[in-house]
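> okay, here's the prediction I keep looking at, along with the sequence it came from:
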Amino acid sequence: MWSLPKGNHFLPGVHVQHLKRLYQSEKNSKAKLRFLVAIRRKKGESIDAIAGLVEKPRRTVHGWLHRFQKYGLKRVHDLKQSGRPVELSYGQRQQLVKDLERGPPHNSSGLWNTKSVRELISKKYKRRYVKQHVWRLLVSLGFSLQRPRKRHYLRPSDLEIQQFKKKLGKKHDAIEEKGLLWARKMKQRSVLSRS
């Protein structure tokens, strides 16, 4: 597996000078590095020496050289990989957004969780998603995480809060009256001291 030809046996129809010209004219940094690896192998260097020179793993350098040997110089650039096709079409995603904005039919809080969204997708669109991908889908559609605020176990009831606010209001009024009395007395003293 690791035995690749080197020297004149590596890329037999290509000369080192041609590889150097390709190296100098290349603009893509990855492709330029691959040409450098090919030049070094054409000169007869070992894979380990080349890997140390370009500071890449031995396996990566071997893969590049194997690709050159199998496909030639045309495979110096990476192939465009389209990736996995989307499960839901554009129209289905728009419909899903409308369904989500209506709110869950069985939940009175109006908040969705990933489990219920996953069930909705599997029932309506016959597609199966894992929990993590449902979360990615929701983020890509513009939804965010919403959690209800937790209530402390020692939190007073709403009635107790209202009573406290009423007591606080009475104390606040009394404090304001004392402040106004104090301000009036100070004003009177300043008037008396002027005369």
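Looks like it came in fine.
> from Val61, how far out is the residue nearest the centre of the chain?
Central residue of the chain (CA atoms, centre = their mean): Arg136, 9.0 Å from the mean position. Noted for Arg136: a distance of 35 Å to Val61, by CB to CB, to the nearest Å. For glycine as for every other residue, the C-beta is placed from the backbone atoms N, C-alpha and C.
> can you check His18 too?
Applying CB to CB, one obtains 21 Å for the distance of His18 from Val61.
> quick one, which of the two is more surrounded?
Val61 (24 against 14; other CB atoms under 10 Å).
> that one: what secondary structure?
With DSSP: H, G, I helix; E, B strand; the rest coil as the basis, the three-state label of Val61 is helix.
> right, and it touches Gly52 too?
No - with contacts counted by CB atoms under 8 Å, Val61 stays clear of Gly52, the gap being 9.5 Å.
> quick one: residues contacting Arg128.
By CB atoms under 8 Å, 6 or more residues apart in numbering, Arg128 lies in contact with Ser122.
> numbering from 11 from now on, please.
All set: I'll call the first residue 11, so the last point we hit is now Arg138.
> need the phi and psi values for it.
phi -110, psi 120 (degrees, to the nearest 10).
> domain map for the chain?
In the domain annotation for the chain, the residue ranges read 17-85, 100-150, 167-205 (automatic domain parsing).
> helix or strand for the residue nearest to Gly17 when sequence neighbours are not counted, which one?
Leaving aside its chain neighbours, Gly17 sits nearest to Gly54 (4.2 Å; criterion: CB to CB, 6 or more residues apart in numbering). For Gly54, there is no enclosing helix or strand under DSSP states H and E.
> could I get the pLDDT score of Gly54?
On the pLDDT scale, Gly54 is placed at 89.
> pretty sure it is touching Lys16, no?
Yes - at 5.2 Å, Gly54 counts as touching Lys16 under the criterion of CB under 8 Å.
> between the two, which is the more surrounded one?
Just comparing Gly54 and Lys16: by other CB under 10 Å the higher neighbour count belongs to Lys16, 17 against 12.
> doesn't Asp58 make contact with the more buried one?
No - the pair Lys16 / Asp58 is not scored as a contact, 12.0 Å apart, by CB under 8 Å.
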